[in-house]
Structure formats: C-alpha cells, structure tokens
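Visitor: what shape does this take:
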Amino acid sequence: MGAPDVTVVIAVYNTMPYLTECLDSVLGQTIGIDRLEVVAVDDGSTDDSPAELDRYAERYPGTVTVIHQANSGGPAAPSNRALEVATGRYVFFLGADDRLGSEALQRLVRTADELEADIVLGKLVGVGGRGVFQAVYARDRDDITLVDSPLPWALSNTKLFRRSMVEEHRLRYPEDLKVASDQPFTIRAVVAARRIAVRGEGYDFYYAVLRSDASNITYSTSPYGFLQSTVVVMDTAAQVISDPEALMQVHRRHFTWELGKLLGKRFLDVDRAERQQVQDGVRKLAEQYLTDSIRDGLDVQRRIPLSVAQYGSLEDLVAVVEHFARDGLAPLVVDGERCYAALPGFRDPARDFPDSWFDASAVIGKRARTATPIGVAWGRAADGRPALVVDLLSAVPELDRISVPPARLTAGAVEAALTSTVAEGERVGWMDPGTRIRAEFRVADLVAGETGRRSRRVRFAYSVLGKQRVHDLRGLDLAAAGRIRHRHGLRFFAVRADQDRDGRLVVVTEPIPWRRLAGGLARRLGVRRPRPQEGPRPQKGKTPA
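Guide: Predicted coordinates:
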C-alpha cells in the first residue's frame, strides 16, 4: 500500500477524558482510515492516557501508532518524535484535548491537492468558552500571505502542512520552549510555503476545547517563563521573515497578544523580582522591535503598559497595571476631538510621557458605534409617577460625561429622563463594560396634548468626539411593556410599547372613547344593559291603538 494521505500528530500529556473524544473524532473521519495515519506520543502521562492510547492502537493496528516516552516538559519534543516516523503526504497537528469535524481531513486534503497548497487552514471554533481568533476564517481564500490577510494572528500549528515541505526545510519545534513552541515552526513553514489557503465558510473543521481544570501548560507557565518563549518567537520571526511589512504585522501581533497580555493581572501575581525581570525583558524587546508605526497602531490598552514598561520605572508600570485591573480606561479626558485615558503618568510633569501613549480616541470611537437595548418595562419615574422604562448598554465608558451634547432618548418629541451607571460585567480588553443607561418616559408626558392615535419611534442619540450617533432600538422583549390605561385630565388613554414593520421600538398612545370606557366598566361590575321597553303584543288581526 502507498503512503497515507495524512498523518495526524497528537502530543499527549494527561488529557483524559478529552483524549477519547479526540481519538474518536480522528478515526471517524470521512476520509477513511485507509488514507489516514495517527501518531500519538505519550509524553510521560500519569493518568489513564497511556492505557487509552494502547487500547486504540490495538483496536486500529496499522493506523494508530503509539510512542511512550519520559516527560519532556512540553509538546515540542513529542511533536518532533512524531515527525520522525510520520509517512503521510500531509501532516496535521491536533491537540489531545481538542477534536475535529468529521469531514475536516477530507476537505483539507482535497483543497491542498486541488490548489497545490503547502499549508491549508480550516476554521477553528472555541468550545466551553475558549476564545479563538476568527478574522482569518472570514471567507475562503486560495492564496493568503502575512501581509494581505490576518494570518499573523493565526500562528498556531493547527493546520494541514505538506510533509515534503516540512522535511525539505527540516522544520522542527524548538524543544527548549515549554510554551509557544508551535509558533517558530509555523512561522518558518509560512515563509517556506509556496501557497497557503484557508477554508472558513460553512464548515467548522477544528473544535478547540477549554479544559475545565485549566491545566494547559500555557496557564501554568510563569510570566517570566512566558516572556522567555516570546523572545525566541519574536527573534525567529526577525531572522526568517525578509518582508518588512510582513515582519511588522507579525511583531504587532506579539506586542498585542503575547506581551500585551503578559502585562496584565498575572503580572501583579508575582513578586517584585519577577516583575522586574519581566519589565526588563519587555523593555529589551521594545527597544529592538517596537517601531513608532507598531506603537501607534496598538490599541491604547496595550500601548500604555508597553510604553511605560519601556521608558518608565517598575513603580510606574505597576501603577498602570493596577489601575487597569481596577478601573480600566477610566477616567477619560476629552480634549477637543481627542479622548485620553488619564492613567498614572498622564500629563505628569515628573514623567514627561507623551500624550500619544494615552490617546484612546480610536478605541472609544470604535465602541461608540453600538448601543445595545437591554429591556423595556412599565415602572415608576423618580417622582413616583408611572413611566415606561427603557434600559440600554453603551460600550463607551463614562458616556454620560463625555457625550457633548448630552445623550438623549426620545419618543418623537418626548424626551426621557436619563440616569447612568457603570455597567456590570466582565471587562473587555481591560476596559470596563461601558455605561448602563436607564431612560424613563413619564406616561403623562407621552399623552399630554394628544387628541388621536400616535406612534412614536424611540431613538437614542449621543455625540462622541464630535461625531453624532443616532440608534433605533430593535430586538427587545416587550412582554413587560404591554398595554396600560392612563387618565390625563378628563381623558383616558391606552399606552403600549410595540414594534413597527421594520422591528423598531415605538410607543403607541391612543385615546379611549367614553362609550368604550362605560362598556368596560359595566362589564366589570356585572351590569347588563337595559333592553328598550316593549308594549303589549298586538292581537292577531288587530292593529295597536
């Protein structure tokens, strides 16, 4: 028999019970086991993983090869060991706690053969709350590069690689790295590849699982250990990527993710000595690779701590990280058409940090594009009177303070009274979840002066950094905002929240005629309407007098 089409490499260390589902997902592939080879390397597991691997090897002889070795401390050595015995035309690396879609390998191999691609990416999705960067999978593409696609943000090894390319360039994992050892391998492969394709539309190829015990080696590596691995990754990129634009994109990714995240809450969990080691390492990388172009392109929540780490003291850096962990980007300072995060060191004459580090205009402008309705229900205004209460969430921190003119929620010409609080929820990128808006439309204001039926569209308007934004509200559950009756002076009105034909929130007011009121009152009281009086029936053949 000829060589199998694809060898699936699985580095295994204490991954039960996830390992069983992982193996089943591979051996149940529609490509068929006759076109498939599995090489699983047990890296000194102490749970039931070795026995489970042996069970599958016995069940699938000739398809599943198991290698047992002493623990090496990371996935690099077992991956290299598997490459030495792999025989497939292609090789695919699969995490032992992850799984594949049933058609994944068949689709990937077909794409590689049709396009003569050396690398094919299939869409990854997260399971159990695991985050996976999705931009690179936005659409199918037959040829992508580090410059014309989000490939720099997808440097894991979870791809199909042509094995002849791997062997021609002798691509292997650096075994001295405990984490991120797949990135130098992938970076070298991307540079060597003649063509890289991506398939992301209509099918989920790879399911990346968040383990409930968070025992992945990435989580257990110390900040300084993680920094040391990042140094190797960034140095590798600088050595092998000759295109300046491609290198800038890859380094921008590392300053954003690896180093940006390193200066987060985990930085505060280590002692002063390790904090100093981390800052020194980040400073050295910044001096080597953090160009003005990369710095200016970083989101503010990454730019500030990286810049302070490069030019400030350890005390400055700790103050910034502590502030982020506690308050996010607040407080914000609006200066003309720019918005700044007034973190420690901002406009401090003793520090002389440039304002550009703290410029949050881009991220605030981006977050200002959305306003999410939360709910609408009948309640009471601050003065105790009946009101229609609309709850909104803006992603902009301190919107109530930085919107000029102030934010408004209106139903036609009627304006609601607004109150604002910091929204509850998990921070996004070290920013607080935004601003919670409570808007109260007093029913008396909605019906004042009305003589007929009226439907008013509800709109949310605010201005951030000189740009006016107006949102219609859609997608609300209106069960708690049904029809109520309200008396205004001598007249009664029916008031309700509804949706127009385009699904936008409207407030409908309608006068209730006195006749309908009287009829409804009579029905509630059980009073029957009197019939018209009738005289005696006329006798047959006679007319009444």
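
Visitor: backbone phi and psi for the residue positioned nearest the centre of the chain, please?
Guide: Of all residues in the chain, the one closest to the mean position by C-alpha atoms, centre = their mean is residue 131, 6.9 Å from it. Backbone dihedrals for residue 131, given as degrees, to the nearest 10, come out at phi -80, psi 140.

Visitor: next, find the distance separating it from residue 408.
Guide: Distance of residue 131 to residue 408, computed by C-beta to C-beta, to the nearest Å: 36 Å. (Glycine included, C-beta is placed from N, CA and C.)

Visitor: for the stretch 401-545 of the chain, give me the ranges with low pLDDT.
Guide: Along the stretch 401-545 of the chain, segments meeting pLDDT under 70 span 426-432, 514, 516-545.

Visitor: change it to 50
Guide: 541-545 (pLDDT under 50).

Visitor: OK, contacts around residue 303?
Guide: 295, 357 (C-beta atoms under 8 Å, 6 or more residues apart in numbering).

Visitor: got it, and residue 246?
Guide: 145-147, 152.

Visitor: can you rerun that using 6 Å?
Guide: Taking C-beta atoms under 6 Å, 6 or more residues apart in numbering, we find residue 246 in contact with 146-147.

Visitor: before we move on, what SS does it have?
Guide: helix (DSSP: H, G, I helix; E, B strand; the rest coil).

Visitor: what's the separation between it and residue 252?
Guide: Counting by C-beta to C-beta, the gap from residue 246 to residue 252 is 11 Å.

Visitor: with residue 192 instead?
Guide: Counting by C-beta to C-beta, the gap from residue 192 to residue 252 is 22 Å.

Visitor: wait, a helix at residue 197?
Guide: No: the assignment for residue 197, made by three-state DSSP, is strand rather than a helix.

Visitor: that one contacts residue 142, correct?
Guide: Yes: if you go by C-beta atoms under 6 Å, residue 197 and residue 142 touch, sitting 5.2 Å apart.

Visitor: who's more crowded, the two?
Guide: Of the pair residue 197 and residue 142, residue 197 is the one with more neighbours under other C-beta atoms under 10 Å, namely 23 against 14.

Visitor: in contact with the more buried one, which residues?
Guide: Counted by C-beta under 6 Å, 6+ apart, residue 197 has contacts 111, 115, 117, 120, 142.

Visitor: drop anything exposed from the residues you listed.
Guide: By neighbour count, with 16 or more other C-beta atoms under 10 Å, the contacts of residue 197 hold 111, 117, 120 as buried.

Visitor: now, those that are in strands?
Guide: residue 120 (DSSP state E).

Visitor: okay, the buried ones among the contacts of residue 197 in TSV with pLDDT and distance to residue 347 next?
Guide: Below are these laid out as TSV (pLDDT from 0 to 100; distance: C-beta to C-beta, whole Å):
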residue	pLDDT	distance to residue 347
111	98	54
117	98	52
120	98	50
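
Visitor: okay, now the domains of the chain?
Guide: 1-219, 222-366, 368-525 (automatic domain parsing).

Visitor: next, count neighbours for the closest residue to residue 464 other than its chain neighbours.
Guide: In this structure, residue 464 finds its nearest non-sequential neighbour in residue 368, 4.1 Å apart by C-beta to C-beta, 6 or more residues apart in numbering. Using other C-beta under 10 Å, residue 368 is surrounded by 21 other residues.

Visitor: give me the phi and psi for residue 368.
Guide: phi -70, psi -10.

Visitor: residue 2 falls within a helix, correct?
Guide: No: per three-state DSSP, residue 2 lies outside any helix segment and is coil.

Visitor: below-threshold pLDDT in this structure: ranges please.
Guide: Using pLDDT under 50, the flagged stretches of the chain are 541-545.

Visitor: mind redoing it with 70?
Guide: Judged by pLDDT under 70, the stretches of the chain that qualify are 1, 212-219, 426-432, 514, 516-545.

Visitor: circling back to that earlier point, ok, residue 192 and residue 252, which is more surrounded?
Guide: Comparing residue 192 with residue 252 by other C-beta under 10 Å, the one with more neighbours is residue 252, at 21 against 17.

Visitor: what residues does the more buried one make contact with?
Guide: By C-beta under 6 Å, 6+ apart, the neighbours of residue 252 are residue 294.

Visitor: assign a three-state SS to it, would you?
Guide: Relying on three-state DSSP, one would call residue 252 helix.

Visitor: what of residue 449?
Guide: On the basis of three-state DSSP, residue 449 is classed as coil.

Visitor: for it, give its distance to residue 317.
Guide: Counting by C-beta to C-beta, the gap from residue 449 to residue 317 is 60 Å.

Visitor: please apply the same query to residue 348.
Guide: 14 Å.

Visitor: with residue 67 instead?
Guide: 45 Å.

Visitor: those two: who's more crowded?
Guide: For the pair residue 67 and residue 317, the greater number of neighbours falls to residue 317 (28 against 16), based on other C-beta under 10 Å.

Visitor: surely the more buried one touches residue 308?
Guide: Yes: the pair residue 317 / residue 308 is scored as a contact, 5.1 Å apart, by C-beta under 6 Å.

Visitor: for the stretch 1-150 of the chain, which segments count as strands?
Guide: 6-12, 36-43, 64-69, 90-93, 99-100, 119-122, 124-127 (DSSP state E, counting those that start in this stretch).

Visitor: nearest to residue 458, out of these?
Guide: strand 124-127 (35.4 Å; C-beta to C-beta).

Visitor: ok, that closest one: who's next to it in the sheet?
Guide: Sheet pairing of strand 124-127 (DSSP bridges) gives strand 206-209 (parallel).

Visitor: please state the offset of the partner strand from the chain centre?
Guide: Mean C-alpha position of strand 206-209 versus that of the full chain (C-alpha atoms, centre = their mean, to the nearest Å) differs by 16 Å.

Visitor: now stretch 114-121
Guide: Taking mean C-alpha positions (C-alpha atoms, centre = their mean), stretch 114-121 and its chain are 28 Å apart.
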